[in-house]
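Chemist: After the sequence you'll find the predicted model.
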Amino acid sequence: MSEAGWHGASFRDPSGYIFEQAGDIYRAVGREFGDEYERFMASGLYADLADSGRLVSHEEVAVDSPNGFATHKVLKPERIPFVSYPWEWSFSQLKDAALLTLDVAWAALDRGMVLKDSSAFNVQFVGTRPVFIDTLSFEPYVEGEPWVAYRQFCQHFLAPLLLRAHVHPDLARLSLVNLDGVPLDVATKLLPTRVRMKPSVLMHVDAHGRAQQKYSDSAGTARQVKVSKQASYALLDSLRAAVKGVNWEPAGTEWCEYYDDHNYVDEAMRCKAETVERFLDACGPRVAWDLGANTALFSRMAAKRGAYTVAFDIDPAAVDKAYRCCKTEAPQNLLPLVMDLMNPSPSLGWNLAERDSFVSRGTPDVVLALALVHHIAIGQNVPLDRIARFMASIAPSLVIEFVPKSDSQVQRMLATRKDIFGDYSKEGFERAFGGTFDFESVIPVTGSERTLYLMRRKAS
Amino acid sequence: MFDLTMLDVAYLDAGTGSLIFQWLIAGALGIAFAGKMMWGRIAGLFGKKTADE
């Protein structure tokens, strides 16, 4: 949130604003946009999209908007449990968000409306379900108008999908440094020639990008451009085929096959699972965050207990695998996201208020940190007491696993470096975390040298 | 001159090049799309499923 109650990201489109009041999120519809909003509602498009879960539903409420904004109506939209950003989505999540955007644009044309922007930030995930959140993105269609959001779609969706699939999944971060999408000339330079030569890529990315430069001084011509409605459908159809044609299989990265080839013996895994389930029952969380979730095996335990669970992992392949699995499984209150805890999503955009840092986007009741601490403490040299304070700053309850130096995973990490971690022992771990947390339960994992803890943050 | 109401009210800069490019590809895309629709109908007559089904 920022100036006078308006959300820090809510300033680009003057048709309305988002604001927060007493912990609830509202959308004020500007008086000047009142006619467009009423036509959108009367067209049947809202009912069509909201009833099918493609658009966030809302109710019109009698709440005053702040700061004297000339308001037509105030809407209270369905709350998004955890706001996420495109660079945190795995490949399949971005692809589903792209297809949803095209689907919404198509439905709008069917109802005589047009989707006036196609920002990836207009899509959020409720669990594994992508949902379009910008209720004011629709205006009446005017015969002959081109799609004003075409370039934005290519920059926010098509180019990033191609780069992730054909160059490297880590190029998701390009969307973090280019908040208005990856420039098409940059994408063209990065893509391999064989990909660039595909007709859909040649057209929507390469030639489209060149046209930006060639016609940059042709505003007069651009204003006379006329595109038939049939051609607008054709453009959406072509983009849909282009998006569907980009594929990436999550395999071969470091953590994707973790549970497949990891050296847990069955007994240890069973004990770990039972203990985590018992700890979760003791916490009864409404919201859980699983840090280092891998393919969300343990996150699912929290989700199955009714907690809205966000499963963070550094590996885009593991996250994609989790997303694909969870999409087909009930319950669908689990959101897998890509996150590097050593360099997590910061506050971004204008005044650092458009996009929130990951820790400021939620208040989980419990954090799961299983087989994680050694990666941060030994892999990244972060002192144990700092890890404890970080965990305590996020949630009041912590389910955490200590992996000792004798464990084969830690041995592997120490194989090529000097052991400078004198404090890294069970005693050192308990000393470091004991300063911030009370230990409610300490359970050795049978069949391994690991230990599981249920900790509660000390009252400050 | 065509009155582009949407362009006059849109808060988003559509990009001059992007608008002209849309106009340039509109014909080809329109023909391809019409062909695809027609093929879908013909295939439907013979009980074939299209790629999207």
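Modeler: Perfect, thanks for sending it. Note that the structure is predicted; figures quoted are calculated from it, not measured.

Chemist: Let's see the pLDDT reported for A:H156.
Modeler: For A:H156, the model assigns a pLDDT of 98.

Chemist: repeat for A:D313
Modeler: A:D313 is assigned 97 on the pLDDT scale.

Chemist: Backbone dihedrals for it, both of them.
Modeler: Backbone torsions for A:D313, taken as degrees, to the nearest 10, come to phi -150, psi 150.

Chemist: Helices along chain B, start to end?
Modeler: Along chain B, counting by DSSP state H, helices occupy B:5-9, B:16-45.

Chemist: Distance to chain A, mean pLDDT and mean neighbour count for these - can I get that in CSV?
Modeler: For glycine as for every other residue, the C-beta is placed from the backbone atoms N, C-alpha and C. Output for these, formatted as CSV (distance: least, CB to the nearest CB, whole Å; pLDDT from 0 to 100; neighbours: other CB atoms under 10 Å in any protein chain shown):
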stretch, distance to chain A, mean pLDDT, mean neighbour count
helix B:5-9, 4, 54, 16
helix B:16-45, 3, 89, 17
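
Chemist: Next up, the contacts around the closest residue to A:R39 other than its chain neighbours.
Modeler: Distances taken as CB to CB, 6 or more residues apart in numbering or on different chains place A:P140 nearest to A:R39, at 5.4 Å, with adjacent residues excluded. The contact partners of A:P140, by CB atoms under 8 Å, 6 or more residues apart in numbering or on different chains, come to A:E36, A:R39, A:G112, A:M113, A:V114.

Chemist: bridging residues for A:P140?
Modeler: With DSSP bridges as the criterion, A:P140 is bridged to A:M113.

Chemist: Find me the pLDDT at it, would you?
Modeler: 95.

Chemist: A:A105 versus that one, what's the distance?
Modeler: Using CB to CB, to the nearest Å, we find A:P140 at a distance of 14 Å from A:A105.

Chemist: One more: A:R305?
Modeler: 38 Å.

Chemist: three-state assignment of the residue in the stretch 1-150 of chain A positioned nearest to chain B?
Modeler: As assessed by CB to the nearest CB, chain B sits closest to A:V148 within the stretch 1-150 of chain A, at 3.9 Å. Assigned with DSSP: H, G, I helix; E, B strand; the rest coil, A:V148 falls in the coil class.

Chemist: List the contacts of the closest residue in space to it that isn't next to it in sequence.
Modeler: Once flanking residues are discounted, A:V148 sits nearest to B:A14: 3.9 Å by CB to CB, 6+ apart. The contact partners of B:A14, by CB under 8 Å, 6+ apart, come to A:P146, A:V148, A:A149, A:Y150, A:R151, A:A222, B:L7.

Chemist: The same query, at a cut-off of 10 Å, please.
Modeler: Shown in contact with B:A14 (CB atoms under 10 Å, 6 or more residues apart in numbering or on different chains): A:116-117, A:145-152, A:222, A:225, B:4, B:6-7, B:22.

Chemist: Check A:Y150 too.
Modeler: Listed by CB under 10 Å, 6+ apart, the contact set of A:Y150 reads A:105, A:118, A:204, A:208, A:227, A:232, A:235-236, A:239, B:14-15, B:18-19, B:21-22, B:25.

Chemist: run the last query once more with 6 Å
Modeler: A:Y150 makes contact with B:S18, B:Q22, according to CB atoms under 6 Å, 6 or more residues apart in numbering or on different chains.

Chemist: Mind pulling up the pLDDT for it?
Modeler: With respect to pLDDT, A:Y150 has a value of 96.

Chemist: And A:P77, by the same measure?
Modeler: At A:P77, pLDDT is 96.

Chemist: residue of the stretch 301-450 of chain A with the smallest distance to chain B?
Modeler: Counting by CB to the nearest CB, the stretch 301-450 of chain A gets nearest chain B through A:W350, at 14.8 Å.

Chemist: from the contacts of A:P140, which would you call buried?
Modeler: A:E36, A:R39, A:M113, A:V114 (16 or more other CB atoms under 10 Å in any protein chain shown).

Chemist: For those, work out which two are farthest apart.
Modeler: A:R39 and A:V114 (11.4 Å; CB to CB).

Chemist: And stretch A:436-451, what's buried?
Modeler: For stretch A:436-451, a neighbour-count test (16+ other CB under 10 Å) marks A:T436, A:F437, A:I443, A:V445, A:S448, A:E449, A:R450, A:T451 as buried.

Chemist: State the distance from the nearest residue to A:S393 once chain neighbours are set aside to A:S347.
Modeler: With sequence-adjacent residues excluded and distances taken as CB to CB, 6+ apart, A:S393 is closest to A:V359, at 7.1 Å. Counting by CB to CB, the gap from A:V359 to A:S347 is 10 Å.

Chemist: what sits in contact with each of those two?
Modeler: Counting by CB under 6 Å, 6+ apart, nothing touches both A:V359 and A:S347.

Chemist: so who does A:P86 touch?
Modeler: Here A:P86 is in contact with A:A120, A:S175 (CB under 6 Å, 6+ apart).

Chemist: typo on my end, it should be A:Q230
Modeler: B:G30.

Chemist: hang on, it in a strand?
Modeler: No. A:Q230: not assigned to a strand; according to three-state DSSP it is helix.

Chemist: On the three-state scheme, the residue found closest to A:V74 once you drop the neighbours it is linked to in the chain is what?
Modeler: Among residues not flanking A:V74 along the chain, A:V63 sits closest, at 4.8 Å (CB to CB, 6+ apart). Three-state call for A:V63 (three-state DSSP): coil.

Chemist: which bits of chain A sit near chain B?
Modeler: A:13, A:116-117, A:142, A:144-146, A:148, A:150-151, A:208, A:211-212, A:215-216, A:218-219, A:222-227, A:230-231, A:234-235, A:237-238 (CB under 6 Å from any CB of the partner chain).

Chemist: Among those, name the ones in helices.
Modeler: A:150-151, A:208, A:211-212, A:219, A:222, A:230-231, A:234-235, A:237-238.

Chemist: can you give me the strands for the stretch 1-150 of chain A?
Modeler: Along the stretch 1-150 of chain A, counting by DSSP state E, counting those that start in this stretch, strands occupy A:16-21, A:24-30, A:58-61, A:71-77, A:113-115, A:123-126, A:129-132, A:138-140.

Chemist: Does B:I20 touch A:A222 like I think?
Modeler: Yes. Counting by CB atoms under 6 Å, B:I20 does reach A:A222; the two are 5.5 Å apart.

Chemist: In a helix, the residue nearest to A:S393, correct?
Modeler: Yes. Applying three-state DSSP, one finds A:V359 inside a helix.

Chemist: Could you tell me the least trusted of the strands of the stretch 1-150 of chain A?
Modeler: Between the strands of the stretch 1-150 of chain A, the one with the least mean pLDDT is strand A:16-21; it has a mean of 87.

Chemist: what's that strand packed up against?
Modeler: Helices and strands in packing contact with strand A:16-21 are listed as strand A:24-30; criterion 3 or more CB pairs under 6 Å, 6 or more residues apart in numbering or on different chains; DSSP states H and E.

Chemist: Only the buried residues of the strand it packs on, if you could.
Modeler: Those would be A:I25, A:Y26, A:R27, A:A28, A:V29, A:G30, for strand A:24-30 by 16+ other CB under 10 Å.

Chemist: does the last one really touch A:S15, like I thought?
Modeler: Read it as A:G30. Yes. Assessed by CB under 6 Å, A:G30 is found in contact with A:S15 at 5.3 Å.

Chemist: residue contacts, A:R164?
Modeler: Neighbours of A:R164 in contact, by CB under 6 Å, 6+ apart: A:F91, A:L171, A:A172.
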